[in-house]
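J.: need a structure here:
(2 chains)
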Amino acid sequence: QQQVKQSPQSLIVQKGGISIINCAYENTAFDYFPWYQQFPGKGPALLIAIRPDVSEKKEGRFTISFNKSAKQFSLHIMDSQPGDSATYFCAAVSGGYNKLIFGAGTRLAVHP
Amino acid sequence: NAGVTQTPKFQVLKTGQSMTLQCAQDMNHNSMYWYRQDPGMGLRLIYYSASEGTTDKGEVPNGYNVSRLNKREFSLRLESAAPSQTSVYFCASSVGLGYNSPLHFGNGTRLTVT
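T.: Next up, the predicted model:
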């Protein structure tokens, strides 16, 4: 069973809208939560990450919201652009990058 | 900089054949990884090498072997390919295992086993 559950599987957003991708986890030992972005034909690349001692982290148009008590975290993409169309993976880890657990991924399409 | 280079980009094997996927990084990273990506499953760690001279199993190691040839190169071998190994394989590297050293991925090898 997946230790990190990601939803939705796919998402269509109009240009300028807000894209929201959600993830949930069970293992309370997880202490680092990165998001990776993957374009077709490419490998994933780190987008943004958060530690559980903060509830929100913002980098440009990308924001992670973290709810430790609910064991949930989400990625918000403000003012979504067609160039944001990609697959997004949430992940969680404890004890080092060799134990990184990925969600199943969300395919985002931003329509002009 | 090339970053992480994987070869080949595509490969078709028959069941029972063997092959080696090659990976090289030019970022002087200490740690290297092999992941497989399957629809609806995300990425799953097959093997990793924390530093030159060491290798360890990840989440799904069965049917695979690895070799850390030197600091730059980390290869993945399928000794007897099975259809269940049809997947996209990604090599990645990082400075170390700490959270301040994110993974840098190659562009993948798409493997089909018939």
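J.: how many neighbours does whichever residue of chain A sits closest to chain B have?
T.: Nearest residue of chain A to chain B: residue A:43, at 2.8 Å (Cβ to the nearest Cβ). In this view, the C-beta of every residue, glycine as well, is placed from N, C-alpha and C. Residue A:43 has 23 neighbours, counted by other Cβ atoms under 10 Å in any protein chain shown.
J.: repeat for the one 3 residues further on
T.: For residue A:46, the tally of surrounding residues (other Cβ under 10 Å) stands at 15.
J.: can I assume residue A:28 sits in a helix?
T.: No: counting by DSSP: H, G, I helix; E, B strand; the rest coil, residue A:28 falls outside a helix, being coil.
J.: which phi and psi does it have?
T.: phi -70, psi -10 (degrees, to the nearest 10).
J.: where does pLDDT dip in the chain?
T.: Since no chain was named, I'll use chain A. A:1-2 (pLDDT under 70).
J.: not quite, go with chain B.
T.: Using pLDDT under 70, chain B drops low at B:1.
J.: in it, what residue is nearest chain A?
T.: Counting by Cβ to the nearest Cβ, chain B gets nearest chain A through residue B:105, at 2.8 Å.
J.: now do the contacts for the nearest residue to that residue once chain neighbours are set aside.
T.: For residue B:105, ignoring the flanking residues on the chain, the nearest one in space by Cβ to Cβ, 6 or more residues apart in numbering or on different chains is residue A:43 at 2.8 Å. Contacts for residue A:43 (Cβ atoms under 8 Å, 6 or more residues apart in numbering or on different chains) come out as B:4, B:90, B:92, B:105-108.
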